[in-house]
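Q: What would the 3D arrangement of this be:
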Amino acid sequence: MRNELDYSVYIERYLDGEMSQDERLWFTSELQGNPALKRELGMRERVNEAIRETEIMDFRKQLNAVFEESGIEIQSKQQYHKRTRIAVVSSAFLVSVTVVLLLFMSYANPDNQKIYKKYFRPAEAGLTFRSEGSDYDNELKAALEFYEAGKYEQALYHFENILKADKTRIGLNLYTGISQMEIKRYNEANKSFNKIIDNNYILFLEQAEWYLAFCYLMTDDIQQAREQFMLIENRKGYYQHQARKILRRLK
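A: Model prediction:
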């Protein structure tokens, strides 16, 4: 019989939803006849759950700390007139909502971050633009050089300048959106990719749909992300298999 350690890579692949159908059938068969493996899998699942719970508790502690620092305090009913009390509660509520939104923007689900890190890759610019036949003016060259060097803020500055001057360059929204994602401006990136989708700009449509799914992922809009990855999988295009793997991992 195999040593338990031999199964570690399979356990991780099983928990991450990365097994093929044949691998999964084999692994579940192994679980039925191997109590030690079943215990190891159960332990890993409990550890993962504990990690997630710890991360949630840390988030709650951060939220409580922000409230304490901001001095938000809802007074008792006996202390204030009803109208004043409503104003205080309303103000506290608005501040709390703002705080929660800000924290969620900087505190994406750790599982989503793992998926993002594993599957997100910026699109290459040079060849796709040559195939589009765009004019290579100085600003576009500068934008592409910054983009390919990973200097996304500088690239974004030039991409946005070009789009302000010529909105017909729909394809540039792909690289604008990716640059925005790289500096964590996911809501703006969402709009950039949707400009390609809304215009049914075929040359970059598949890529725009792919990166849009990651925007939803990083803003914790899991339902939208799931629907977007399902759309990509059903299209049976270049990203089909990666979308299927991600769908297995989405919670």
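Q: Could you pull out the buried residues of stretch 203-211?
A: Phe204, Leu205, Gln207, Ala208, Glu209, Trp210, Tyr211 (16 or more other C-beta atoms under 10 Å). Glycine gets a C-beta too; all of them are placed from N, C-alpha and C.
Q: Select from those residues every entry located in helices.
A: Taking DSSP state H as the definition of helices, the buried residues of stretch 203-211 contribute Phe204, Leu205, Gln207, Ala208, Glu209, Trp210, Tyr211.
Q: Model confidence at the first one, what's the number?
A: Translated: Phe204. Phe204 is assigned 93 on the pLDDT scale.
Q: same check, this time on the last one
A: Confidence at Tyr211, expressed as pLDDT, is 97.
Q: now it, nearest residue through space, not along the chain?
A: In space, and not counting its chain neighbours, Tyr211 is closest to Phe193: 5.5 Å by C-beta to C-beta, 6 or more residues apart in numbering.
Q: likewise the first one?
A: Residue nearest to Phe204 in three dimensions, not counting chain neighbours: Leu174, with 4.6 Å by C-beta to C-beta, 6+ apart.
Q: ok, now which ones touch that neighbour?
A: Ala123, Ser192, Phe193, Ile196, Phe204, Gln207, Ala208, Tyr211 (C-beta atoms under 8 Å, 6 or more residues apart in numbering).
Q: could you redo the last one with a cut-off of 7 Å?
A: Going by C-beta atoms under 7 Å, 6 or more residues apart in numbering, Leu174 touches Ala123, Ile196, Phe204, Gln207, Ala208.
Q: re the thing from before, can you tell me which two in the buried residues of stretch 203-211 are farthest apart?
A: Within those, two members stand farthest from each other by C-beta to C-beta: Leu205 and Tyr211, at 11.3 Å.
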